[in-house]
Structures are given as C-alpha cells and as structure tokens.
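**Student:** I need the structure of the sequence given here:
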Amino acid sequence: MTTILGLSGSLRRASFNAGLLRAASECVPDSVEIQIGSIRDVPLYDADMEGESGLPAAVQTLQEQLAAADGLLLVTPEYNNGIPGVFKNAIDWMSRGPGLELFVGKPVAVIGVSPGGFGTILAQNHWMPVLRTLRMRPWVEGRLMVSRATPLFDGDGNLTDAKTREQLAAFVAGFIGAL
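**Tutor:** Presented below is the predicted three-dimensional model:
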C-alpha cells in the first residue's frame, strides 16, 4: 500500500485546510492511504527544551509517520502572505535529530485553501525554499489553490463543492502517479 502523510497547517477546528486534507484522503484509490497527521501538540521550537528533554512525543510521532510514508502532502493556509508559523514550526521540529534524513528525497506536494481571492499562492511559493533546504522532491506538475472558500465548505470545515472535489481528486491522482 502506498502511504502519504498529510499535514494541515491550521489549528482551527473547522479549518478549510483540514477539510481539504480530509477530502483528499477520501478521493484516493484503495491501494493508497493518506494518513492525516497532526501538528496540534507540537510546542514552539526551543533548543533548550530539546537539549534537556529530547524531541517531544508529538514530534516523534510525526517523524515516525514521515518515515513510513512514501510522500508528504502539505495543506497550507496563507497568513499575511506567507507560511503559517505553527506549520513551519512543526516542520522545523520534525527536521531535528534524525529527522532531516527523513525528508531527503521524499516526494512532496503543496496545496491550500483560503477565503481570500488569491488562494494560497504566496504561501505555496514560500514553502519552496524550505523544501529545497530539506532536499525533498517537490511535485510541481500540478497546482491547487482554492480561493473564496467560504461557500465551498460547510460549518464544520467539510468540503461540499463538487467542482473543487474533482479538481482535488485530479491533483491527488497526479501526485500519486509521480510517487
């Protein structure tokens, strides 16, 4: 079975990005699983904490999930035209200790959704230097930036728009085909 680790960069309960990730996990063939990881319990990076206590349990879990995955799907919000701090923080923690080696050569795709009119184009672009530094293999054959999200999702953050689901399914199929 092919496994993709999916991470949403939002902590909000009814997050559009978490909803987009859930929808992505529903549109894969039976031979593929998108395992949804969580960044919720990852503390702010603190080298003193790392030196005294090692890697936090939440980070170790994410590293284990990444190690077992064939690819990584980042579902990024865009805050103030860039990467959300909590999301970047989680990736920074994951790269600590033996974590950097887990990223090297791993296929990665980036998608995102925003209530604004430009989707997450700037956040997706901001991820590229990070992914290059981690020596990942970004999949750039497709792009998915969902804009004006509010009417496309229900109050619980679930994707309800059929056209967006079709676009998402095509994007995910392309990424799976590149693994």
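
**Student:** only C-alpha atoms from now on, for both contacts and neighbour counts.
**Tutor:** OK.

**Student:** got the confidence number for P98?
**Tutor:** pLDDT for P98: 87.

**Student:** neighbours around it, how many?
**Tutor:** If you count neighbours by other Cα atoms under 10 Å, P98 ends up with 10.

**Student:** ok, P115 next?
**Tutor:** For P115, the neighbour count with other Cα under 10 Å is 17.

**Student:** how about E141?
**Tutor:** The burial count for E141: 10, using other Cα under 10 Å.

**Student:** swap in W93?
**Tutor:** W93 - counted by other Cα under 10 Å - has 25 other residues nearby.

**Student:** could you do the one 3 residues further on as well?
**Tutor:** Using other Cα under 10 Å as the criterion, R96 is surrounded by 18 other residues.

**Student:** what helix or strand does it sit in?
**Tutor:** In this assignment (DSSP states H and E), R96 forms part of neither any helix nor any strand.

**Student:** just give the closest residue to it, not the sequence neighbours.
**Tutor:** Nearest non-adjacent residue to R96, counting by Cα to Cα, 6 or more residues apart in numbering: L55, 7.8 Å away.
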